[in-house]
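Student: Structure for the following, please:
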Amino acid sequence: MNTKELLLSVLMSGPATGYDIKKTMENEVSTLLDVSLSNLYPALNELAAEGLVTFQRVEQDNRPNKKVYELTDAGRAAALRALMSGSAKHRLRSEFIFILSFAPFLPRWRVKELLDHRLAETNEILRDLDRREAEELLQEGQRFCIGFGRSMMEAQRDYIMKHSAQLLASCPEEVRELNRAGA
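Tutor: The predicted structure is shown next:
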């Protein structure tokens with residue numbers, strides 16, 4: 001999905017300020033997709049010019065005015081078309097997995113460091129999912145995605161815990177080439 005389609009999709013949940021949209025993109029959408037926020041406001045302006053969103057200016061005391069964006073009927077239809085036509089690919093792209101595929105060439109301490117770091121990140125993600133699930137105003141799709149994410153993270157954590165000893169046993173204690181290269 002392109003930036004404009006993502007913005008339309010975010011606005012399907014209801015009216016939002018540019019700031020609210022940016023926070024949703026940073027905190028929720030970016031955990032699922034690679035997003036660029038550099039053209040967020042220009043994209044919102046383009047959507048307004050295309051008649052896909054409207055905005056209302058809200059004056060604030062002692063603060064800059066803000067705009068509250070809302071989907072038009074045409075915008076809702078465009079968001080639905082984008083969601084219906086997307087291929088919904090699920091990719092596994094991970095530097096962690098790539099580096100660990102070379103574990104037998106790496107010193108054991110480095111592989112352990114990578115595994116420990118990944119476990120800590122996984123536990124942090126699980127805590128974040130718990131926090132999100134505790135929010136009362138979740139739509140059923142959001143609840144499903146949180147559960148799906150939790151299942152993937154728990155499986156990852158369990159796999160690392162069950163198989164890390166075997167992986168670490170395959171690693172040399174030290175790597176001589178590092179010592180010769182001056183590293």
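
Student: CA atoms for contacts and neighbours, from now on please.
Tutor: Noted.

Student: Give me the three-state assignment for the residue lying closest to residue 126 once chain neighbours are set aside.
Tutor: Sequence neighbours aside, residue 150 is the residue nearest to residue 126 in space, at 6.3 Å (criterion: CA to CA, 6 or more residues apart in numbering). Following DSSP: H, G, I helix; E, B strand; the rest coil, residue 150 is assigned to helix.

Student: which residues of this structure fall in strands?
Tutor: Applying DSSP state E to the chain gives strands spanning 16-17, 53-58, 66-71.

Student: Which pLDDT value belongs to the residue nearest to residue 126?
Tutor: Note for residue 150: predicted pLDDT of 92.

Student: That one contacts residue 129, correct?
Tutor: Yes - judged on CA atoms under 8 Å, residue 150 makes contact with residue 129 at a distance of 6.8 Å.

Student: Next, find the distance separating residue 86 from residue 15.
Tutor: 24 Å (CA to CA, to the nearest Å).

Student: Have a look at these two and say which one is more surrounded.
Tutor: In terms of neighbours (other CA atoms under 10 Å), residue 15 is the more surrounded of residue 86 and residue 15; the figures are 18 against 10.

Student: OK, contacts around the more buried one?
Tutor: With contact set as CA atoms under 8 Å, 6 or more residues apart in numbering, residue 15 has these partners: 68, 69, 70, 71.

Student: and if you look at residue 4?
Tutor: Residue 4 neighbours (CA under 8 Å, 6+ apart): 43, 44, 47.

Student: make it 7 Å
Tutor: By CA atoms under 7 Å, 6 or more residues apart in numbering, the contact list for residue 4 reads residue 43.

Student: do you know how far it is from residue 55?
Tutor: Residue 4 is 15 Å from residue 55, by CA to CA.
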